[in-house]
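In: predicted model follows, preceded by the sequence.
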Amino acid sequence: MALEVLRNDNYVSWSACLRDYLLAHNLWDIVETTREPPKPEDDVVEFEAWREKNNAALDAILSSCGTDILSQIKGISSAKNAWYSLAELCGQPSQQIHTVVDQIISVSKQVRPALTGNTQRLGRADGKNQDYLKYASFLKAVRNGDLDAMKAFLVLHPEASSAKLTFGDQTALHIAVLAGHVHIVEELVERIMSNETLEMQDVEGYTALARATSNGDFRMIQCMIDKNPKLVSIPEKSCGSIPVVISMCFDYKELSRYLYLRNSADGSRARKGFTFDLLVQLMKFVSTFKTFKKKLAEHQELERLSPPMLQKALNSDSLTPRQVFSRNHEELMKKGEEWMKNTASSCTVVGALIVTIMFAAAFTVPGGNDQNTGLPMFLNKKVFILFVIFDSLSLFSSSASVLMFLGILTARYAEEDFLKSLPKKMIIGLFALFFSIATMMVAFSATLLLMLRGKSSIILPIICLASLPVTLFVLMQFPLLVDMTMSTYGPGIFKKKMERWV
């Protein structure tokens, strides 16, 4: 049977192939056993049989390793140590590899004399393996969900709750989470483990909370966070992702919201680069423009929480997160642009009409001008001063609204413009237009008071009717103005501001 050569990128397939080989040749028990190797002084025959099988298994492991991998484990003399060393090495960041290998080689050099017939004890040379053997029954109880056996062991060995029980540096809490035993997790968290123990990370940098987040188990997550809220801000080592980002990766929307809101004030990692369109839908919007604006805001919120190394990451189509978002929302963006332009065009017509009317009214004052002085006939009347003030206000505000709407019509409509620039122009334009209509009606009412003095039976009904256009405009456009203002300047999509974690 030809063995696959181990490289840095094929550990999963290599380990499966080699495991089948060892099983076929009755050598797998050498790797799998949790028992201490036999000693020559206890049983020479058993020791020789074990050494022969160990050498055969070790030869199979070493002969199937590539040159680069082999150079890092060539000092190991135990097939079991070699197997688990490769399991750790092939999944570790490069800066940690040499440290791990040095430790393994150092231990193996001390163990080698026993493998060659020396009668020295093996256990003292490998303290880590001794710990694994010491806690083997405890590990079994946790994996099987045996609460009584676990508690009985902890009575005799209370330090086991914080011990690392596997070659992956997993604690009892990690094991219970991965096994899905909620009752074990709750017992460990609520009655046994300290806050510091909850923060312990395995060899990949995952806390038990991060592992529970990957599984989406809300009960486990809630009991751990209730005990130690700082857990939500501890990132794993490989990508620097905090639990809320891990939850978003698995599309746990409600869990993502819960984890975000439970972040402590200094626990939010404000970074850029991660979305791949994993957007959390938390609110509804009435228009296409606001829908796209909301999605873009969610996109940037996820970018703010993401680790930097994913900023330029590519998916299977060789697209970055930003490119994926743009492609998936291209049609929605076009519809938002169309809605914005149609609204701005309609409002521009109204604003231009008001500008024309109020500009003309400024030079055709009510009552006309004095033939001798050229001054308005009602210049000394307070109502006339009121007319002039509100006519000017209407003219200026309508001009401002027209300029804002023209700015919308000539905008470049980039994605970022939908977040602040375009909504701000629309808000200013709508408010200025509303104000110009209201002041125009006041100026009109002031003119009636000047022209029809003493005719209150006519003036009052007309003034009441003058408020009708303002009311209609408020009913039609004011809700849009309020909605856009709240979505642009109101709370974010998670309804809570988080400070950056430096």
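Out: Happy to help now that I have it. Note that the coordinates shown come from a computational prediction; the quantities given were computed from them, not determined experimentally.
In: can you give the domain ranges for the chain?
Out: The chain is divided into the following domains under automatic domain parsing: 11-124, 135-264, 340-489.
In: now render those as CSV, adding distance to residue 327, mean neighbour count and mean pLDDT.
Out: Every C-beta, even on glycine, is put in place using the N, C-alpha and C of the backbone. What follows is these, written out as CSV (distance: least, CB to CB, whole Å; neighbours: other CB atoms under 10 Å; pLDDT from 0 to 100):
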stretch, distance to residue 327, mean neighbour count, mean pLDDT
domain 11-124, 31, 16, 66
domain 135-264, 19, 19, 84
domain 340-489, 12, 16, 84
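In: got those as TSV, with distance to residue 328 columns?
Out: TSV is the format used below for these (distance: least, CB to CB, whole Å):
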stretch	distance to residue 328
domain 11-124	31
domain 135-264	15
domain 340-489	12
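In: residue nearest the centroid of this protein?
Out: Nearest to the mean C-alpha position of the chain, by CA atoms, centre = their mean, lies residue 245 at 3.7 Å.
In: mind checking the SS state of that one?
Out: Three-state call for residue 245 (DSSP: H, G, I helix; E, B strand; the rest coil): helix.
In: ok, now how distant is it from residue 82?
Out: 35 Å (CB to CB, to the nearest Å).
In: among the domains of the chain, which comes closest to residue 332?
Out: Between residue 332 and these, the shortest separation by CB to CB is 10.1 Å, and it involves domain 340-489.
In: list of residues touching stretch 439-455?
Out: Contact partners of stretch 439-455, identified using CB atoms under 8 Å, 6 or more residues apart in numbering, comprise 354, 357-358, 361, 366-367, 378, 381, 383-384, 386-387, 390-391, 393-394, 397-398, 458-459, 462-463, 466-467, 469-470.
In: hang on, the earlier thing: out of the domains of the chain, nearest to residue 5?
Out: When those are compared by CB to CB, domain 11-124 sits nearest residue 5, at 5.3 Å.
In: quick check: residue 370 touching residue 380?
Out: No - in this structure residue 370 lies outside contact range of residue 380 using CB atoms under 8 Å: 11.1 Å.
In: circling back to that earlier point, from the contacts of stretch 439-455, which land in helices?
Out: Secondary structure assignment (DSSP state H) places 354, 357-358, 361, 383-384, 386-387, 390-391, 393-394, 397-398, 458-459, 462-463, 466-467, 469-470 from the contacts of stretch 439-455 within helices.
In: then stretch 359-368 to CSV, C-alphas only?
Out: As requested, C-alpha coordinates have been extracted for stretch 359-368 and formatted as CSV (Å, rounded to 0.1, in the frame of the first residue of the first chain):
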residue,chain,number,x,y,z
PHE,A,359,-38.9,86.7,-6.4
ALA,A,360,-41.7,88.4,-8.3
ALA,A,361,-43.6,89.1,-5.1
ALA,A,362,-40.6,91.0,-3.7
PHE,A,363,-40.9,93.6,-6.5
THR,A,364,-44.7,93.8,-6.8
VAL,A,365,-45.4,94.6,-3.1
PRO,A,366,-49.0,94.8,-1.9
GLY,A,367,-50.6,98.3,-2.2
GLY,A,368,-48.0,99.4,-4.8
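In: how far is that stretch from where the chain is centred?
Out: Chain-centre distance of stretch 359-368: 61 Å, with CA atoms, centre = their mean, to the nearest Å.
In: who's in contact with residue 351?
Out: Counting by CB under 8 Å, 6+ apart, the residues that residue 351 touches are 398-399, 401-402, 405, 429, 432-433, 436.
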